[in-house]
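**Student:** Sequence first, predicted coordinates after that:
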Amino acid sequence: MEGSIGRAFRLKHRKILWLFALLLLSLVLEACGSPSAGNQSSGTCPSVSMLTGAGSTFDFPLFSKMFTEYAKIGCHVQVNYQSVGSGAGKTQFLQQTVDFGASDGPMTDEEMAKSQNGPILHIPVTIGAEAISYNLASVPEAQHVRFTGPLLADIYLGKITYWDDPALKQLNPDLSLPHQAITVVHRSDGSGTTAIFTKYLATVSEAWANQVGAGSTVNWPVGVGGKGNEGVAAAVRTTAGAIGYNELAYVLKNNMQYGMVQNRDGVFTLPSLETAKADAANATNIPADLRFYIVNEPGKDSYPITGYSWALVYQNQRDPARGEALANLLWWMVHDGQRYAPDLAYVPLPDAIVQRDEAQIRKMRCGDQGCYHG
């Protein structure tokens, strides 16, 4: 009798140990990034716990959320991202002091030619609208000053210098526009946000195209500079009569006034998730290398100052472990990470762009094999 009880006890004990072992194994697989955990590419984790990136301030609110969430899943990789502006981000990327760069303006052929590590891949990661922010006490918060593209160009060219200029009053007959000097605020650093804004101005104003042109840095005819989207927002908020351009997330977060802009179809639209999405949806002729702008696309619902932002990576990764970790991160960003975009006023990537992103990520090489193994 005693022997039977002992055998039963030992069997039960072994069963408990077996169940405990299964539970422990499942926890290990989850921690190390099983295929179901956040779109990781394999069941093993690269020997990398930290990735670094630098660039776009346009992206920073979204990146902060994405990277916080990414650190909680899969391989628990941390991302140290420096919001230093697209120009500085490109420089650090080309110097290979960070794993990836981020920019709202695609790299130019001249910039691409500076690469010391072979081909550079552009991977779109989000879409955002740029709001025309201003500081006018006489305009109620519920109302919005109307602008056309040529009028904005004339303000930034220094041709329109007061808020009660006849051109502004004609567009805004129902608003009380004061006889107050316009303080033009622009970026002082190399900026993808500037690249989008000046590309728009050059598209809609021949005078701007001929006198200033487009780029991440330009010779501003007038105005004062602010570093990053944060700096422009701060300057506009603290300067009566100021006007600036900011990624929409910064304007909404800081409860700033912002205007309506006439689109290509002649309709005045506000920057929003929906109007930026409409502009992006109407973009055509997207090139194979994914370097493109989408300003002033057609459509009555389109907001014309809208743009993509890109992660910049080398096709040939010097460190296979870092390359694999980076490819895993990028894959997650363009898939699961897109869920965080709408709450922060960014537009989730269209399915067609996600598919092209997948092809770009699969081009990444870690030695003699691809970096992404999903």
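**Tutor:** Cool, the structure landed.
**Student:** low-scoring pLDDT stretches of the protein, where are they?
**Tutor:** 1-43 (pLDDT under 70).
**Student:** in it, which residue is closest to the centre?
**Tutor:** Compute the mean C-alpha point of the chain, and by C-alpha atoms, centre = their mean the closest residue is Asp59, 3.4 Å away.
**Student:** how about that one, what does it touch?
**Tutor:** Contact analysis of Asp59 by C-beta atoms under 8 Å, 6 or more residues apart in numbering lists Ser83, Ala102, Asp104, Val125, Thr126, Ser309. To be clear about C-beta, it is placed using only N, CA and C from the backbone, and glycine gets the same treatment.
**Student:** what about 7 Å?
**Tutor:** Contacts for Asp59 were tallied using C-beta atoms under 7 Å, 6 or more residues apart in numbering; they are Ala102, Thr126, Ser309.
**Student:** list the contacts for Val224?
**Tutor:** Applying C-beta under 7 Å, 6+ apart, the residues near Val224 are Thr183, Val185, Ala235.
**Student:** go with 6 Å
**Tutor:** In this structure, Val224 makes contact with Val185, judged by C-beta atoms under 6 Å, 6 or more residues apart in numbering.
**Student:** Just grab the bridge partners of it for me.
**Tutor:** Val185 (DSSP bridges).
**Student:** circling back to that earlier point, tell me the one of the contacts of Asp59 nearest Ile132?
**Tutor:** Ser309 (18.9 Å; C-beta to C-beta).
**Student:** Please report the distance of the nearest residue to that closest one once chain neighbours are set aside from Gln96.
**Tutor:** The shortest distance from Ser309 to any non-neighbouring residue, by C-beta to C-beta, 6 or more residues apart in numbering, is to Asp104 (4.4 Å). Using C-beta to C-beta, to the nearest Å, we find Asp104 at a distance of 21 Å from Gln96.
**Student:** What's the local residue count around Val232?
**Tutor:** Residues near Val232, counting by other C-beta atoms under 10 Å, number 28.
**Student:** For it, which non-adjacent residue is spatially closest?
**Tutor:** Gly226 is the one closest to Val232 (C-beta to C-beta, 6+ apart), at 4.0 Å.
**Student:** before we move on, the earlier item: ok, the residue nearest to the centre of the chain to Gly337 distance?
**Tutor:** From Asp59 to Gly337 the distance is 12 Å (C-beta to C-beta).
**Student:** Tell me the gap between stretch 222-236 and the middle of its chain.
**Tutor:** 19 Å (C-alpha atoms, centre = their mean, to the nearest Å).
**Student:** how long is that stretch from one end to the other?
**Tutor:** Using C-alpha to C-alpha, to the nearest Å, the end-to-end distance of stretch 222-236 comes out at 15 Å.
**Student:** go on, stretch 293-304?
**Tutor:** 11 Å.
**Student:** who touches it?
**Tutor:** 129, 199-200, 203, 261, 263-265, 267, 269, 271, 275-276, 278-280, 282-283, 306.
**Student:** ditto for stretch 180-187
**Tutor:** In contact with stretch 180-187 (C-beta under 6 Å, 6+ apart) are residues 156, 161, 163, 194, 220, 222-226, 232, 235-236, 239, 241-244.
**Student:** hang on, the earlier thing: what's near enough to touch the residue nearest to Ser309?
**Tutor:** Counting by C-beta under 6 Å, 6+ apart, Asp104 makes contact with Ser56, Phe58, Ser86, Gly192, Thr193, Ile196, Gly307, Ser309.
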